[in-house]
Every structure is written in C-alpha cells, then in structure tokens.
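Engineer: coords please:
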Amino acid sequence: MADDYEKLLTETYKKIKPIEHSGERFEIPKIEGHFEGTKTILSNIPAIASYLRRDVDHLLRFLLKTLATSGSIKKGRVILQRKINSQKINEKVEEYTNEFVICPQCKKPDTELLKEKGFSFIHCLACGAKHSVRTKL
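Structural biologist: Numbers count the residues shown, from 1 in each chain. Just a heads-up that it's a prediction; the model follows:
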C-alpha cells in the first residue's frame, strides 16, 4: 500500500510544472482603461497609487507632465484629454516607480516620500537610506 502511494506521488510530481515567477514580490500593476472619442479613460490609477503607497495626485501630475497632456480625476477615474496607448502609460508608471518608489540603494519598494526645505527625498524603510528625488513636480 505504501509503495503504491509513493509511486503515485512520484508520478504526480513529474507531471506538475514548476511555478515560474520573477522572484520579485513587487510587480507594478498594469493600466486598465479605454478610449471614449478622443479621450483616454483610466479606471485603476487610484488602485495603482495605493499599491505604490503614493498620493494619487502626485502620480497623476507625473503622468500628465511626462505624457504632455491635460487630464483630471472624476469619480475615481482619470480622464486624459487625448488618446494614449496603454503601453506608453505603463512605461510612464514604471518610470514613476523607479524615480519615486524604488530605493536606489537596496532596490526595495518599501519607501516613503519626504519633503524638507522644498526638496523631495525618498526615505527607505527597509535599509534606512535617504536619497533626493531628481524630478520636480
């Protein structure tokens, strides 16, 4: 009886494919949205900002500046005044994350934004490092 169980278990393990992941616990969520006429409607910007632990307005200011468009938040949705494909927006969210979220020292996302004397800093809660932010919003 025990031999049958071991044999079945061995066969099962051979059939199971290993789970593949990047090894990172932090993955930036992808943009969800659609076009309405000439406008781009993004429905999950508040959720992305929350996941990154940053203010929605700060993330929106960065996106509007780097995408060279105007926009606003209405009822939890971001409305951009022109059509922009999701790949471009996802690239900008990744740029934002690298600039304002990821610690340059230890590469972890466990950070907070601090303002001191008109300058912005990333303070890492994991390693304690403090770095100035180059981009001004």
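Engineer: quick one: the helix-or-strand element of the chain with minimal mean pLDDT to chain centroid distance?
Structural biologist: When each helix and strand of the chain is scored by mean pLDDT, DSSP states H and E, helix 2-15 comes last, with a mean of 80. Counting by Cα atoms, centre = their mean, to the nearest Å, helix 2-15 is centred 42 Å from the centre of its parent chain.
Engineer: With stretch 129-137 instead?
Structural biologist: 18 Å.
Engineer: contacts for it?
Structural biologist: With contact meaning Cβ atoms under 8 Å, 6 or more residues apart in numbering, stretch 129-137 is reached by 58, 61-62, 65, 99-100, 103-106, 113-114, 119-124. All C-beta spots, glycine's among them, are computed from the backbone N, C-alpha and C.
Engineer: quick one: the strands in this protein?
Structural biologist: Remark: strands assigned in the chain by DSSP state E are 33-36, 39-42, 71-74, 77-80, 111-116, 119-124, 130-132.
Engineer: Can you add distance to Leu8 and mean pLDDT and give those back as JSON lines?
Structural biologist: As requested, the strands of the chain are arranged in JSON lines below (distance: least, Cβ to Cβ, whole Å; pLDDT from 0 to 100):
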{"stretch": "strand 33-36", "distance to Leu8": "48", "mean pLDDT": "92"}
{"stretch": "strand 39-42", "distance to Leu8": "50", "mean pLDDT": "94"}
{"stretch": "strand 71-74", "distance to Leu8": "56", "mean pLDDT": "93"}
{"stretch": "strand 77-80", "distance to Leu8": "52", "mean pLDDT": "94"}
{"stretch": "strand 111-116", "distance to Leu8": "48", "mean pLDDT": "89"}
{"stretch": "strand 119-124", "distance to Leu8": "49", "mean pLDDT": "89"}
{"stretch": "strand 130-132", "distance to Leu8": "54", "mean pLDDT": "89"}
